[in-house]
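Asks: Predicted model and sequence below, questions to follow.
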Amino acid sequence: MPIFAKTIEECRDYLERGWILSYPTETTYGLGVNPFNKEAIEYLDTIKKRSEHKNYLMLVKNIDMLSVYAELTEEVRDFISANSNHTFSMLLKAKKKLSEWLIDKDGNAGFRIAKGQFVKKLFDYYDRPLISTSANPESYPIAKDAEEVFAYFQNYDRIAVAQDLYQDVKGIVPSTIIDFTKNPPVVIRKGELKVVF
């Protein structure tokens with residue numbers, strides 16, 4: 001059965017131990033693991049009931065952390081700067097610092113700069129990207145609070161659930177996803193940020 005993580009420091013410690021962390025995002029609850037721990041990602045696949053491994057999106061603290069793991073053109077940097085108040089995800093050319101299981105067959109990976117207060121605070125204690133995927137078994141509605149996370153995953157251990165300390169969860173439209181590996185860039189999921197290239 002999952003357990004509550006009472007502090008941000010505990011959340012970091014569980015991630016370092018290879019546990020799954022369920023945490024509040026700007027929209028709903030998410031599930032995260034240390035992306036460089038392959039066993040943790042495989043366990044995430046198991047509890048999500050994914051039939052096969054799919055690449056996961058990663059949250060990063062800021063553009064500086066993003067630049068360590070992805071190739072950033074001036075166009076991408078300008079877009080991030082101009083839309084800093086919005087939530088959006090990006091498909092970018094990955095750098096070799098990322099493990100092979102985080103990169104798709106074309107050498108790309110998905111990223112989002114964290115906006116929620118909980119995750120921003122977590123990054124004060126945790127110095128690498130964080131996997132971000134919805135807190136639900138595949139094909140089920142996404143958990144909107146900690147109680148729903150417990151209900152979905154009550155038969156699994158090694159899951160720590162963070163409380164919504166900063167009231168981050170708003171239940172708004174999911175983030176826009178933009179493929180910046182294409183020229184011009186392509187919107188592959190419409191969301192909160194309306195953009196045309």
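Replies: Right, received. Where do you want to start? Residues are numbered from 1 along each chain as shown.
Asks: Please make it C-alpha for all contacts and neighbour counts, starting now.
Replies: Fine.
Asks: gap between Glu71 and Lys144?
Replies: As defined by Cα to Cα, to the nearest Å, Glu71 lies at a distance of 33 Å from Lys144.
Asks: ok, which stretches of this protein are helices?
Replies: 8-16, 38-48, 63-69, 74-82, 117-122, 146-152 (DSSP state H).
Asks: Residues contacting the third one, please?
Replies: Applying Cα atoms under 8 Å, 6 or more residues apart in numbering, the external contacts of helix 63-69 come out as Val60, Ala94, Lys95, Lys96, Lys97, Leu98, Phe111, Ile113, Arg128, Pro129.
Asks: Please check those and keep the buried ones.
Replies: Val60, Ala94, Lys95, Leu98, Phe111, Ile113, Arg128, Pro129 (16 or more other Cα atoms under 10 Å).
Asks: Filter those down to just the ones in strands.
Replies: Counting by DSSP state E, the buried ones among the contacts of helix 63-69 place Val60, Phe111, Ile113 in strands.
Asks: would you list those in JSON lines and tack on pLDDT and distance to Pro137?
Replies: Conversion of those to JSON lines gives the following (pLDDT from 0 to 100; distance: Cα to Cα, whole Å):
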{"residue": "Val60", "pLDDT": "97", "distance to Pro137": "24"}
{"residue": "Phe111", "pLDDT": "98", "distance to Pro137": "22"}
{"residue": "Ile113", "pLDDT": "96", "distance to Pro137": "24"}
